[in-house]
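below are the sequence and a predicted model; questions follow.
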Amino acid sequence: MLFTAKGRAKTIGIPKDPVKNQVKETRLFYDRSPVGIAYQELLFDAKHVPVDFRFIEVNPLFERLLGLKRSAVVGKSWSELFPDTERSDYNRLSEFALAVLNESERELTFYVPVTDRWLRMKVFSVDDRFFFSVLTDMTLEIKLSEVSELFLQKTIEEIGYQVIADKAKEFTGCKYGLFNIFREEEMVSETVALIGVKDSWQRVSAAIGFPLIGAKWPYDHSLLEKFGDAPILMDLPLHELTKTKIPKALVKMLQKMFGVGESLVCTIYQNGRILGNFTLLFPSNERLTNPYPLQLYARQVGLLILRSKTEKELIQAKKDAEAASRTKSRFLANMSHELRTPLTGMVGFGELLQKTPLNQEQAHFLSYILDASRILKKIVDNVLDYAKIEADTLPIQFDACELLPLCQESIRLVQYETYKKRLSINLDYDPAIPFRLLMDGYRLRQVLLNLLANAVKFTEIGEVRLKVSLENRNLESRFTRIRFEISDTGIGITESDMQRVFDAFQQADCSDTRRYGGLGLGLSISLRLLKKMGTSLQVKSEPNKGSVFSFALDFEVPKEEADSEEAFEEE
């Protein structure tokens, strides 16, 4: 007996049979458990090796997940219930036996065709013979994982609208439905795929007078105001969604004809943008009891649509940028003659004027005009050549040329700059190189001049050297490979800046532009010219010690040159 705060006696009721009451509560929990539970017994062969399991008891959810009645399960072994189990699954089931014998835990994921479910079974041992199996439905998780993997690997066009629509039916069990994509530019939803029997939809199209695929439905803002951004709008009268297209009476007739009840709209919504929706129709007196799977699926579809839209926009932006770049390059390439002609005239007439009688001040001013004109002409030449390369309008023309004079001329054109900086410049030329070769002499001279000018520009002390050597020669095919190396003892290039120097309008250090001048086009043009000639430019460099730029070119020896060499060798 107990007493209250006021001192009155209070009797506490005690169950007559506490053990029976506990068993009843345990049974209630067992029956209403959110997971499937089975109590099982391990079966052994004559050598006490575990070979199978027998079900002693199962709860209602276990029955539903396996698609079997309790009366058909209890007392039966696994092999009796599932005679078609693969050998590999039996091997995995044997792990359960080890778990039971060792009083530990194991889990197994498997597919049940009868219920079309993926289940995860976890084993908890009671002793070395009896154990509990707990079943969890993994179907939604696995299906969403498969969908996510598919959507990440492919675009919406590669997957197809119909596949996306059919998967929405898998997540909902609807009878019919429409997959609509929202067109922002028109503010309409366009039907891109249908869910359900095609013959039925053909009858609907015949009744309403227009095909449903491609049909555009005005976006109903009143629904958005009514439901906000709720992902799923339940129990919507179908005539409300189609009132601008299909009369209410016709909607009622179609609902009765195909045995469907109210509709459901699942909005496909991502990053504040409405991307589309699934309009789903359920059989009469049925509805979607768990909208969560559809909501998760709609999010995956939203990510797919958004990614596809973004990729299309990026591809289009890239095409627009490339078209604009080609237009610019074509314009500059076409302007080549108009720009070069007056500049050439300025330099030419300035040089003629320099040969006429001038006083000291006039000659001084004229030298500045000529220097500025030559610099400007070189800059314009580089910009226009770069534009021609970008527009792919710069041809490579092969003629028989003498390589040694070409190299000597390249050295001579930078010799004045080396004289001003008190640098030595040298040419190492392999005498075994044939005298005449088929080449684009003008473009090869341009490459050598750019590399030599760069070497001189970035060298303050020491020397610049051009080395030309015979690397390989095939007398039968008349092809000769020659290597060109331009080395200097200049400032060098760091590892991190190595790639940047080949970009147009770039130098290794931004401060170099102010210190040494130039546009940073020389290396970029040389690299592209060599690429058009079928080779590439290599560089080795060490800061404060210098750089070596090199490339190898294959030249064809003219037939008459090869013939004269053979005749000379025979003599």
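Thanks, I have it.

which strands and helices sit next to whichever helix or strand Ala324 is part of?
Using DSSP states H and E, Ala324 sits within helix 292-334. Here helix 292-334 touches helix 139-153, helix 156-159, helix 161-172, strand 260-270, strand 273-283, helix 360-390, going by 3 or more CB pairs under 8 Å, 6 or more residues apart in numbering; DSSP states H and E. The C-beta positions use only the backbone N, C-alpha and C, and glycine is treated the same way.

let's see 6 Å
helix 139-153, helix 161-172, strand 260-270, helix 360-390 (3 or more CB pairs under 6 Å, 6 or more residues apart in numbering; DSSP states H and E).

off-centre distance for that helix?
12 Å (CA atoms, centre = their mean, to the nearest Å).

switch to numbering from 22
In the new numbering, first residue 22, that becomes helix 313-355.

continuing past it, what's the next helix or strand?
helix 357-375.

check which residues of that next one are buried.
For helix 357-375, the neighbour count (16 or more other CB atoms under 10 Å) marks 357, 360, 364, 367-368, 371 as buried.

what's that helix packed up against?
Going by 3+ CB pairs under 6 Å, 6+ apart, helix 357-375 lies up against helix 381-411.

where's Ile417 relative to Leu459, distance?
According to CB to CB, to the nearest Å, Ile417 stands 11 Å off from Leu459.

neighbour count for these two, which is higher?
Leu459 (18 against 13; other CB atoms under 10 Å).

is Leu487 in a helix, a strand, or coil?
Secondary structure state of Leu487, per DSSP: H, G, I helix; E, B strand; the rest coil, is strand.

hmm, I was thinking of Ala67
From three-state DSSP, the assignment for Ala67 is coil.

next one: it from Arg150, what distance?
Ala67 is 16 Å from Arg150, by CB to CB.

check Pro232 too.
For Pro232, the distance to Arg150 - CB to CB - is 66 Å.

do Phe200 as well
Distance from Phe200 to Arg150, by CB to CB: 54 Å.

what pLDDT does Asp110 get?
What the model reports as pLDDT for Asp110 is 57.

go on, Val56?
87.

correct me, but it touches Val155?
Yes. Between Val56 and Val155 there is a contact under CB atoms under 6 Å: 5.3 Å.

what distance do you get for Lys219 to Pro232?
In terms of CB to CB, Lys219 sits 12 Å off from Pro232.

between the two, who's got more neighbours?
Pro232 (13 against 8).

quick one: secondary structure of the closest residue to that one other than its chain neighbours?
Distances taken as CB to CB, 6 or more residues apart in numbering put Ser226 closest to Pro232, at 5.1 Å, once the chain neighbours are dropped. State at Ser226, reduced to three classes by three-state DSSP: helix.

Ser226 against Ala236, yeah?
No. In this structure, Ser226 is not within contact of Ala236 by CB under 6 Å, at 8.9 Å.

the two: who's more crowded?
When Ser226 and Ala236 are compared on other CB under 10 Å, the one with more neighbours turns out to be Ala236, at 19 against 15.

ok, that one touching Thr212?
Yes. Using CB under 6 Å, Ala236 is in contact with Thr212, at 4.8 Å.

flag the shaky bits of the chain, pLDDT-wise.
22-48, 106-126, 241-265, 350, 353-358, 412-414, 520-541, 582-592 (pLDDT under 70).

mind giving me the domain ranges of it?
39-158, 164-330, 357-411, 420-591 (automatic domain parsing).

closest one to Gln337 among these?
domain 164-330 (10.6 Å; CB to CB).

so how far is the first residue of that closest one from its last?
Distance between the two ends of domain 164-330: 24 Å, counting by CA to CA, to the nearest Å.

what about that domain, distance to the chain center?
Using CA atoms, centre = their mean, the offset of domain 164-330 from its chain centre is 29 Å.

if we can go back for a sec, more neighbours, Phe200 and Arg150?
Taking other CB under 10 Å, Phe200 and Arg150 do not tie; Phe200 has more neighbours (25 against 14).

surely that one is in contact with Thr212?
No. Phe200 is beyond contact range of Thr212, at 7.1 Å (criterion: CB under 6 Å).

about what we covered before: can you give me the angle the helix holding Ala345 makes with strand 281-291?
50 degrees (axes from the mean of the first three to the mean of the last three CA atoms, to 10 degrees).

now helix 313-355 against helix 357-375, angle please.
Using the same axes, to 10 degrees: helix 313-355 against helix 357-375 is 40 degrees.

rewinding a little: closest to Thr348 out of the domains of the chain?
It's domain 357-411; of the domains of the chain, that one is closest to Thr348 (CB to CB) at 10.9 Å.

now the closest one, how far from the centre of its chain.
On CA atoms, centre = their mean, the centre of domain 357-411 falls 49 Å from the chain's centre.

skipping adjacent residues, who's closest to Phe419 in space?
Nearest to Phe419 is Leu459, by CB to CB, 6+ apart, at 4.8 Å.

so how far is Asn311 from the one you found?
Counting by CB to CB - Leu459 and Asn311 are separated by 78 Å.

how about Leu140?
18 Å.

these two: which is more packed in?
Leu140 (20 against 10).

now stretch 380-395: buried residues?
By 16+ other CB under 10 Å, the buried positions in stretch 380-395 come out as 387, 391, 394.

please verify my assumption that the second one contacts Gly371.
Yes. When contacts are counted by CB under 6 Å, Leu391 is listed as touching Gly371 (4.6 Å).

Ile512 falls within a helix, correct?
No. Counting by three-state DSSP, Ile512 is not found in a helix; it is coil.

now do the phi/psi pair for it.
Main-chain torsions, Ile512, degrees, to the nearest 10: phi -80, psi -20.

now Val70
phi -100, psi 130.

contacting residues around it?
Going by CB atoms under 6 Å, 6 or more residues apart in numbering, Val70 touches no other residue.

was I right to think Glu62 contacts Glu78?
No. Contact criterion CB under 6 Å: Glu62 and Glu78 do not qualify, at 10.3 Å.

out of the buried residues of stretch 380-395, which is nearest to Lys349?
Ser394 (25.5 Å).

contacts only, for the closest one.
Ser394 touches 367-368, counting by CB under 6 Å, 6+ apart.

repeat that for Met367.
Ser394 are the contacts of Met367 under CB under 6 Å, 6+ apart.

Thr130 against Leu140, yeah?
No. If you go by CB under 6 Å, Thr130 and Leu140 don't touch, sitting 7.1 Å apart.

pull up the gap between Ser79 and Lys97, please.
Careful, residue 79 is Val; it's not Ser. 10 Å.

roughly how far apart are Gly462 and Leu427?
From Gly462 to Leu427 the distance is 6 Å (CB to CB).
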